[in-house]
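Student: here's a sequence, model it:
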Amino acid sequence: MKRKCIINPASGKGLDKRTLYHLKQWFNKNTGAFDHVLTKNAEDIAIQTRKALHDGVEQIIIVGGDGTNHHVVNAFFENDRPINPDARLVISQMGSGSDYYKTVVFEKNVQNWIDLVLEHKVKCVDVGHASLMDKNGNVFDKRYFINLATTGMSAEIVSKKENMPKFLPGSLKYFTPTLTSLATYKPVMASITLEGKTIENEILALFISKGFFGGGGMRFGNEVRIDDGKFEITAVSKMSPVDMIFKLPKLYTGKYNGVKEIGKHMTSSILVKADAKMSIELDGEYMGKCDFEIVNRQKIINICFPKG
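Tutor: Next up, the predicted model:
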């Protein structure tokens, strides 16, 4: 099998020379070659991924976190179609949050992410396809995401997280800006359309899940499946800062049944419009403030999962 490692040296706390040396040793010993590229930025991740797919690479190993996953997944498509429908991805545990990795190995005994390179079963999973719209309703960008899209306070937190020190653990990178946002963020009145049914509410945060986890370990996808054609929507409506402080820990456990400010929906599409545009992020990558529509693309990309 033709393999290539797409390495993001800036992921997580940064990729040091020792880690790179161990990767080289492992691949040379177990696969006979260490075909890799050290990427320079998000654009380079996309360029190198597309080049690898056009060169016939069958397995791409993403050495990075959720943001790196995002850029690789977007590079898998040209004209809304996979460049190579048979190519497969290995998701690593090399980011600050690595939330989609948690979904991949969920309740499986995986000692090291690198074992997935050789020991795996391939599943064809869903992705989200987001159309970002300007104030006139015109689409100015289209992006894919594989794990989670959020809007409102949660997306603002992601924008602040980018400025947090790299030495902090992933959970603290999210938790610290979350605390500051609790005191400053104002809910926005939004119109949310789910498969033709419209809901209007003051929204604090909205989570559109394809994976199980987000925000460095928060549990949003309790009912969603990776290939069911649906998103699990977690809508958090207006609540007082005191309520938010006491109810926030429930987001880490997923046990928020009975919390009246947290609504759950299953849908294959969602359209969000707000007069005061809300921030949106996809897989931890901040996209700005805009209206958007997201649809599910079912079973369209191959991921290497643990056996069993």
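
Student: okay, Gly254: pLDDT?
Tutor: What the model reports as pLDDT for Gly254 is 70.

Student: surely it and Gly217 touch.
Tutor: No: the criterion here is CB atoms under 8 Å, and Gly254 misses it with Gly217 at 10.5 Å. (Glycine included, C-beta is placed from N, CA and C.)

Student: give me the nearest residue to Gly95, chain neighbours excluded.
Tutor: Closest residue to Gly95 apart from its sequence neighbours, by CB to CB, 6 or more residues apart in numbering: Gly65 at 1.5 Å.

Student: which ones are touching that neighbour?
Tutor: 8, 11-12, 94-98, 284 (CB atoms under 8 Å, 6 or more residues apart in numbering).

Student: among those, which ones are in strands?
Tutor: When strands are assigned by DSSP state E, not one member of these lies inside them.

Student: touching, Asp35 and Cys5? I think so.
Tutor: Yes: using CB under 8 Å, Asp35 and Cys5 qualify as a contacting pair, with a distance of 6.9 Å.

Student: and the two? which has more neighbours close in?
Tutor: Summary of the neighbour comparison: Asp35 and Cys5, criterion other CB atoms under 10 Å, with Cys5 having more neighbours (23 against 14).

Student: mind checking what secondary structure the more buried one has?
Tutor: Here Cys5 is strand, with the state taken from DSSP: H, G, I helix; E, B strand; the rest coil.

Student: walk me through the domains of the protein.
Tutor: Using automatic domain parsing, the domain parsing of the chain gives 3-127, 128-299.

Student: and Gly308, which of those domains is closest to it?
Tutor: Ranking the domains of the chain by their distance to Gly308 (criterion: CB to CB) puts domain 3-127 first, at 6.6 Å.

Student: for Asn109, give me the pLDDT.
Tutor: Per-residue confidence for Asn109 comes out at a pLDDT of 83.

Student: touching, Ile83 and Val73? I think so.
Tutor: No: between Ile83 and Val73 no contact is recorded; they are 11.7 Å apart, counting by CB under 8 Å.

Student: which residues does Met287 contact?
Tutor: When contacts are taken as CB under 8 Å, 6+ apart, Met287 is in contact with 130, 132, 141, 143, 155, 279-281.

Student: can you work out which residues contact both of Asp35 and Cys5?
Tutor: Common neighbours of Asp35 and Cys5, using CB under 8 Å, 6+ apart, are Phe27.

Student: which of the domains of the chain comes out lowest on mean pLDDT?
Tutor: domain 128-299 (a mean of 86).

Student: what's the distance between stretch 74-83 and the middle of its chain?
Tutor: 17 Å (CA atoms, centre = their mean, to the nearest Å).

Student: correction: the previous question concerned stretch 139-146.
Tutor: Between the mean C-alpha point of stretch 139-146 and the mean C-alpha point of its chain there is a distance of 13 Å (CA atoms, centre = their mean).

Student: list the buried ones in it?
Tutor: In terms of neighbour count (16 or more other CB atoms under 10 Å), stretch 139-146 has its buried residues at 143-146.
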